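Dropping the sequence and predicted coords here.
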Amino acid sequence: MSRIGSSAIKVPDGVQVELSGQELKAKGKMGELSLMFCSEVLPKIDGESILLKPLEDTKKCRQLWGTFRSLADNLVQGVNEGFTRELDINGVGYRASVQGKKLNLQLGYSHDVIFDIPDGVKIECPSQTEIIITAADKQLLGSVAAKIRSFRPPEPYKGKGVKYRDELIVRKEGKKK
């Protein structure tokens, strides 16, 4: 019995949920998203909540049951509130700025790194060393944040680079005489 899968997903006020076959569509103030369930999981809308049931009692069905329950919960939460990821930039001369639909990063290379902001993602730079990424789709948000971080990951000696705000960098000791 899946502990995650057996709990119902509460639909908050202001979110419209529609189920047609195996496809769940949610619409809220942050946008509209959809999720296609696999054939092993049966979704059902019961009043103000979404319930999921596995069709068989196999290991694969139970695994997919919990996974799709989490995906559906992220879908409902994303269209209602959205998700946010914060990045920090450390290093002398390292900075970021948003220019239209492009993120301009100066990360110590001989050239600026220009990142095209995808649709459905909002990027803000309150200061030159902070990047705040907001999106309704949690997977898209994570991949955009990982892509920006990959341009200059933090190094372990001085901590220079782009890191997640809550990330802990294990520092190494430098060369000794």
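Perfect, I can see it now.

Spatially central residue for this protein, please.
Lys138 (2.9 Å; C-alpha atoms, centre = their mean).

That residue: what's it in contact with?
Contact analysis of Lys138 by C-beta atoms under 8 Å, 6 or more residues apart in numbering lists Asn74, Gly78, Phe83. In short, each C-beta sits where N, CA and C put it, glycine included.

Can you report how many residues neighbour Glu20?
No, residue 20 isn't Glu; it's Ser. Other residues lying near Ser20 total 8 when counted by other C-beta atoms under 10 Å.

And Gly91, by the same measure?
Gly91 has 18 nearby residues by other C-beta under 10 Å.

before we move on, what about Val17?
Counted with other C-beta under 10 Å, residues neighbouring Val17 total 20.

where does it sit relative to Pro54, distance-wise?
20 Å (C-beta to C-beta, to the nearest Å).

again with Arg3
Plainly put, Arg3 is 13 Å away from Pro54 if you go by C-beta to C-beta.

do the same with Leu35
Relative to Pro54, Leu35 is positioned 17 Å away (C-beta to C-beta).

The two: who's more crowded?
Neighbours were counted for Leu35 and for Pro54 using other C-beta under 10 Å; Pro54 has more, 21 against 16.

For that one, name its beta-bridge partners.
Beta-bridge partners recorded for Pro54 (DSSP bridges): Val41.

Could you pull up the residues touching it?
Contacts of Pro54 by C-beta under 8 Å, 6+ apart are Ser2, Gly5, Glu40, Val41, Leu42, Cys61, Arg62, Leu64, Trp65.

I figured the third one was touching Leu52, is that so?
If I follow you right, that is Glu40. No. Between Glu40 and Leu52 there is no contact under C-beta atoms under 8 Å: 10.4 Å.

intersection of neighbour lists for the two?
Residues touching both Glu40 and Leu52 (C-beta under 8 Å, 6+ apart) are Trp65.

Among those two, which residue is more densely surrounded?
Counted by other C-beta under 10 Å, Glu40 and Leu52 do not tie: Leu52 has more neighbours, with 23 against 16.

Can I get the helix of greatest length in the chain in CSV? Just the C-alpha atoms.
Counting residues, the longest helix found in the chain (DSSP state H) is helix 59-80. Taking Å, rounded to 0.1, in the frame of the first residue of the first chain, the C-alpha atoms of helix 59-80 are listed here in CSV:
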residue,chain,number,x,y,z
LYS,A,59,5.1,-3.8,-7.7
LYS,A,60,5.2,-1.7,-10.9
CYS,A,61,1.6,-0.4,-10.4
ARG,A,62,2.3,0.6,-6.8
GLN,A,63,5.4,2.5,-7.8
LEU,A,64,3.6,4.3,-10.6
TRP,A,65,0.7,5.0,-8.2
GLY,A,66,2.9,7.1,-5.8
THR,A,67,4.8,8.7,-8.7
PHE,A,68,1.7,9.9,-10.5
ARG,A,69,0.1,11.1,-7.3
SER,A,70,3.2,13.3,-6.7
LEU,A,71,3.1,14.6,-10.3
ALA,A,72,-0.6,15.4,-10.0
ASP,A,73,0.0,17.2,-6.7
ASN,A,74,2.8,19.2,-8.3
LEU,A,75,0.5,20.1,-11.2
VAL,A,76,-2.3,21.4,-8.9
GLN,A,77,0.2,23.3,-6.7
GLY,A,78,2.0,24.7,-9.7
VAL,A,79,-1.1,26.3,-11.3
ASN,A,80,-2.2,27.7,-8.0
